[in-house]
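Novice: Build the 3D model from these lines:
(one chain, ligands or ions: 1)
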Amino acid sequence: MIPLRLLSRPVTAVSAAPRSLPRLVRFQSTSSSYDNIIVSSPRPGVGLITLNRPRALNALSSALFVELNDALKKYEEDNDIGAIVLTGNDKAFAAGADIKEMAPLTFSEAYVNNFIAPWSYLTSLRKPIISAVSGHALGGGCELAMMCDILYCTKTANFGQPEIKLGTIPGAGGSQRLTAAFGKSKAMEIILTGNNFSGEDAEKYGLAAKAFDGGHKEVLEGALDTAEKIASYSRVAVIAGKEVVNKSQDLGIREGVEYERRIFHSLFGSQDQKIGMKAFADKKKPEWTNS
Ligand code: DAK
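Specialist: Next up is the predicted model:
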């Protein structure tokens, strides 16, 4: 396995590349020890994971998940990485769990081998992760995009939970996360009809933070810009910010506000709070220590 830090080295042509070229093209590493994903670090502090089963529209197989979780774990442990972007290609973010892998499974095989248990690893990350969605994000693909902390998409992205058409229902949080964003009536309609919805609607209903004009290149650039910005801040504050926002999903408003205040108080114990506030007073750029 090639350490991610090695993959993050820019190619030699970087400084010579004209400013107008997308940064992705200039920095992206081509080497990878994975079969189903590509990892690279196209911007300072940013880890990029590209789902890479284009012939199967990035259907989420067990093998893909083993690799995805391995890459996520490495980025989570890499001190040089402050934010992660997860993407697919122009045609598909992911068209769902791999139906061909699932179809022949028996109950005992699924149960004994704990089939698709690794799906929830992503939600245990402490570093922020942004999904950049273009093309299809269906079933498990829609659920994977929604598990990320920030969802960006193209206006024409094709979201949906078509499991009802396969004689089943969403199994990786789709019914819960869609309902939280869309409200009960709209989520019920989507899940019980299997009707798809656009990236434009995802933004309108608050599922996506932003829907971009254009295609994969545009949404990915937008996600990388945001990830780079987040990675430029104190890791301590970023992790704390993610933690308190996520708590709002579990706690009532009063407990949530109290929880936020405790975490806010605790940040006075960090060096970066001192550095950030002193830099403001001195009119300087803070040099974060991430401690
Ligand atoms: N699985 C496997 N292969 C897939 C696939 C999928 N989900 N989606 C597409 N492919 C494959 C196609 O079979 C085809 O392969 P070949 O025939 O060329 O070998 C290739 O990708 C290109 O697809 P199409 O020829 O169909 O392309 P089109 O442009 O005509 O159509 C489409 C695109 C996205 C409309 C269509 O491919 C489609 O309807 N795909 C299936 C979408 C779907 O139903 N997704 C939901 C799957 S169920 C859980 C966690 C997660 C889940 C459950 C539990 N737990 C943690 C408990 C998730 C379940 C699901 O996601």
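Novice: alpha carbons only for contacts and neighbour counts from here, please
Specialist: OK.
Novice: Distance of Leu125 relative to Gly252?
Specialist: Leu125 sits 23 Å away from Gly252, going by CA to CA, to the nearest Å.
Novice: Looking at the two, which one has more neighbours?
Specialist: Neighbours per residue, other CA atoms under 10 Å: of Leu125 and Gly252, the larger number sits with Leu125, 17 against 10.
Novice: which one is the more buried one nearest to, not counting chain neighbours?
Specialist: Glu76 (6.8 Å; CA to CA, 6 or more residues apart in numbering).
Novice: and the closest residue to Asn195 other than its chain neighbours, how many neighbours does it have?
Specialist: Counting by CA to CA, 6+ apart, the nearest residue to Asn195 once its immediate chain neighbours are dropped is Gly160, at 6.5 Å. By other CA under 10 Å, the residues close to Gly160 number 26.
Novice: Contacts only, for Ala227.
Specialist: Residues near Ala227 by CA atoms under 8 Å, 6 or more residues apart in numbering: 46, 82-85, 130.
Novice: what's downstream of the helix or strand of the chain with the lowest mean pLDDT, the next helix or strand?
Specialist: Least confident helix or strand of the chain, by mean pLDDT, DSSP states H and E, is helix 23-27 with a mean of 33. Per DSSP states H and E, helix 23-27 leads on to strand 37-43 as the next helix or strand towards the C-terminus.
Novice: so where do the helices sit in the stretch 51-200 of the chain?
Specialist: Secondary structure of the stretch 51-200 of the chain, counting by DSSP state H, counting those that start in this stretch: helices at 62-77, 99-102, 107-112, 140-147, 174-182, 184-193, 199-204.
Novice: Count the neighbours of the residue in the stretch 151-291 of the chain that the ligand sits nearest to for me.
Specialist: Closest approach of the stretch 151-291 of the chain to the ligand (CA to the nearest ligand atom) occurs at Gly171, with a separation of 3.6 Å. Applying other CA under 10 Å, we find 15 other residues in the vicinity of Gly171.
Novice: Please identify the most buried of the helices of the stretch 51-200 of the chain.
Specialist: Highest mean neighbour count of the helices of the stretch 51-200 of the chain: helix 140-147, a mean of 25 (counted as mean count of other CA atoms under 10 Å).
Novice: Would you mind pulling the contact partners of that helix?
Specialist: For helix 140-147, with CA under 8 Å, 6+ apart as the criterion, the contacting residues are 59-60, 93-97, 122-123, 131-133, 137, 151, 159-161, 170-174, 177, 207.
Novice: buried stuff in stretch 278-291?
Specialist: 286, 288 (16 or more other CA atoms under 10 Å).
Novice: got the end-to-end distance for it?
Specialist: Stretch 278-291: ends 15 Å apart by CA to CA.
Novice: ok, now stretch 85-97?
Specialist: OK, stretch 85-97 end separation, CA to CA: 20 Å.
Novice: centre of the chain versus that stretch, how much separation?
Specialist: Relative to the centre of its chain, stretch 85-97 is centred 11 Å away, using CA atoms, centre = their mean, to the nearest Å.
Novice: Give the rounded mean pLDDT of that stretch.
Specialist: The predicted model assigns stretch 85-97 a mean pLDDT of 98.
Novice: Report the buried residues of stretch 156-171.
Specialist: For stretch 156-171, by 16+ other CA under 10 Å, it's 156-164, 169-170.
Novice: Closest one of those residues to Tyr233?
Specialist: Nearest to Tyr233 out of the buried residues of stretch 156-171 is Ala157 (CA to CA; 30.2 Å).
Novice: quick one: the closest one and Gly199 touch, right?
Specialist: Yes - Ala157 lies in contact with Gly199 (CA atoms under 8 Å); the separation is 4.7 Å.
Novice: partner residues bridging Ala137?
Specialist: Here Ala137 sits in beta bridges with Ala94, Phe159, going by DSSP bridges.
Novice: Please verify my assumption that it contacts Ala95.
Specialist: Yes - the pair Ala137 and Ala95 qualifies as a contact (CA under 8 Å) at a distance of 5.5 Å.
Novice: between the two, who's got more neighbours?
Specialist: Between Ala137 and Ala95, counted using other CA under 10 Å, the more crowded position is Ala137 (33 against 25).
Novice: Right, I'll call it a day here.
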